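>>> quick check, what structure comes out for this input:
(one chain, ligands or ions: 1)
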Amino acid sequence: MSDHPNKLFLNGNSSEGRGSAPIPQTNPATEEIFCEVFAASEADVHEAVEGAQQAYLQAWRGLAPRQRADVLFSIARIIRENLETLAQLECENIGKPIGDARDEIGLGARVFEYYAGAISKFFGQTIPVARGGFDFTLRQPMGVVAAIVPWNFPFPIACWKVAPALAAGNTVVLKPASQSPLTAIRLGELAHRAGLPPGALQVIPGQGSAIGDALATHPLIRKVSFTGSTEIGSRIMGLAARDLKRVSLELGGKSPNIVFADADLEQAATSSPMSVFANTGQDCCARSRVFVERKVFDRFVELFVDATGKLLVDDPAKDSTQIGPLVSAGQRRVAEEFIEGARKAGRVVATGGERPFAKGFYLQPTVLLDVEPSDRVWQEEVFGPVVCIRPFDDEAQMLREVNDSRYGLSGSIWTNDLKRALRVSRQVESGVLSINSHSSVHVEAPFGGFKQSGLGRDLGMTAMEGYTELKNIYVAE
Ligand code: NAP
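Just a heads-up that it's a prediction; the model follows:
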């Protein structure tokens, strides 16, 4: 048990915190509790924020940019040195296939490298104002940032927030999800070992329902950067509005995958299953609504179902596994309820829908056909391995259905007609799109959603803007 990072990381030290009860951690592949993590109380939130404020004022914001960059490069290096241990922790904690876990830890390291490099390339402007003189802008840090992250991509999403916030000169209080706190705690320890001053990254595991409000309303928190459900994001925005804290929100999705008849059908159909079933469908970018031009619908479905059947659902600790279990019994139950609802409404389950093993929170990748746009499973985010495929005849009607969603996070368009690709991509209401690809996340490019999928952007230089205040200074001549 003691090998697992299971304590708060406060002011450069591990702390047992004062939360009411430790949080048990269950291995989703075995259903066994393998460790308990100490939880933060509201008093710990205050201690964390005050320590982060001290670190901001006394140690971090005044550091020369070169020194800040050196620390971030060191954090990237130490993440890479610990890649295997971190990947194993993620695999055990949330059932993430070990190959994916390794990729995601590597992604976290790349994020630190990117923002370490960004420090010397992120600057203001000089502006030729009408009255003459000299006018310029500064990008200044905000102070203490609260980063609240979900359990589906625990390590990379923590890095998406912590790295640019630190790069911009802020300090951070990181609250991991209760189901996945281990790699976040280890990140705090490693960053400290890499030279980050004590208090500059505080890690406080704890139930969101118990400490979330304290974080979102603490007067010293200047920004809340949140990734999670639309419901909690909306709540945080309401609380943050009281003293006009800055917020960025990366929320849910119900992303479209649009396939035109002129596309490379083989490539589209065989790559599409992993665009929704990767991470067992627990992905905000999951392309869970597939729109296929009717002329090629039957062939597409045949190829898609065949490719889905070949996906290897297995123990996440094995290198060969593509699909692991869901994170919890509750998360699987939610997905199963969507499938049951579809069955009851007479929809066709083309493949999947069953539990493949007696133990572990597994669920077969599930393909639903004959679904109607008004169906709950077509409208709502399942956050599990469930996809719906519908035919379309008319581009304009298809686009109305694509945009008939409260979400607008990501999506794909498959066509070899460039004009159509550009025309359609302009009209899809989403923050991230890929053409003839399912790639949504690039460290160098902005990531985030339209509508109820969020506000603000992670990644790229855009995220640096989101962790700074813009100041204009005028000098008379
Ligand atoms: P969630 O329930 O909203 O939880 C996300 C985080 O918020 C967790 O750390 C959670 O802590 C915390 N939280 C819960 N209640 C809170 C409160 N009252 N105040 C402050 N924080 C609180 O979402 P989830 O189930 O973990 O994640 C799934 C959702 O995240 C999906 O909707 C998915 O689409 C979305 N997501 C979006 C993106 C994106 O980039 N757009 C990426 C990944 C996931 P506890 O765990 O302690 O409850």
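>>> number of nearby residues for the residue of the stretch 1-150 of the chain found nearest the ligand?
Nearest residue of the stretch 1-150 of the chain to the ligand: residue 150, at 3.4 Å (C-beta to the nearest ligand atom). For the C-beta atoms, the positions are set from N, CA and C on the backbone; glycine is no exception. Close neighbours of residue 150, defined as other C-beta atoms under 10 Å, add up to 24.
>>> now do it, the pLDDT please.
pLDDT for residue 150: 98.
>>> you'd agree it is in a helix?
No - if the criterion is DSSP: H, G, I helix; E, B strand; the rest coil, then residue 150 is coil and not within a helix.
>>> need the phi and psi values for the residue nearest the centre of the chain.
Against the mean C-alpha coordinate of the chain, by C-alpha atoms, centre = their mean, the closest residue is residue 157 at 4.8 Å. Residue 157 adopts backbone torsions of phi -70, psi -40, taken as degrees, to the nearest 10.
>>> residue 139 too?
Torsion angles, degrees, to the nearest 10, at residue 139: phi -100, psi 110.
>>> so what's it up against?
122, 123, 124, 168, 464, 465, 468, 469, 470, 471 (C-beta atoms under 8 Å, 6 or more residues apart in numbering).
>>> need the residues of the stretch 251-400 of the chain near the ligand, please.
251, 252, 253, 284, 381, 383 (C-beta under 6 Å from any ligand atom).
>>> switch to 5 Å and redo it
By the rule C-beta under 5 Å from any ligand atom, the part of the stretch 251-400 of the chain lying against the ligand is 252, 284.
>>> still on that earlier bit, so what's the residue of the stretch 1-150 of the chain closest to the ligand up against?
Applying C-beta under 8 Å, 6+ apart, the residues near residue 150 are 157, 177, 180, 227, 228, 229.
>>> tell me where the stretch 201-350 of the chain has helices.
Counting by DSSP state H, counting those that start in this stretch, one finds helices in the stretch 201-350 of the chain at the ranges 208-217, 230-240, 265-277, 297-309, 329-344.
>>> can you check the stretch 1-150 of the chain too?
Shown for the stretch 1-150 of the chain, the helices assigned by DSSP H, counting those that start in this stretch span residues 42-55, 65-81, 83-94, 98-118.
>>> now the angle from the last one to helix 65-81?
Using axes from the mean of the first three to the mean of the last three C-alpha atoms, to 10 degrees, the inter-axis angle of helix 98-118 relative to helix 65-81 is 170 degrees.
>>> and helix 98-118, average pLDDT?
pLDDT averaged over helix 98-118 gives 98.
>>> buried sites along it?
98-102, 104-116, 118 (16 or more other C-beta atoms under 10 Å).
>>> what's the local residue count around the closest residue to residue 217 other than its chain neighbours?
Nearest non-adjacent residue to residue 217, counting by C-beta to C-beta, 6 or more residues apart in numbering: residue 239, 5.3 Å away. Counted with other C-beta under 10 Å, the neighbours of residue 239 add up to 17.
>>> next one: residue 368
Neighbourhood size, residue 368 [other C-beta under 10 Å]: 26.
>>> contacts for the host helix or strand of it, please.
Here residue 368 sits within strand 366-369, counting by DSSP states H and E. Contacts to strand 366-369, defined as C-beta under 8 Å, 6+ apart, come from residues 301, 304-305, 308, 335, 339, 342, 347-353, 377, 385-389.
>>> ok, now which ones touch residue 190?
Residues counted as contacts of residue 190 (C-beta under 8 Å, 6+ apart) are 75, 78, 79, 82.
>>> those residues: which ones sit near the ligand?
On the criterion C-beta under 5 Å from any ligand atom, none of the entries of these sits beside the ligand.
>>> out of these, who's the most crowded?
residue 75 leads those on contacts (other C-beta under 10 Å) with 30 neighbours.
>>> show the low-confidence segments of this structure, by residue range.
Applying pLDDT under 70 to the chain flags residues 1-2.
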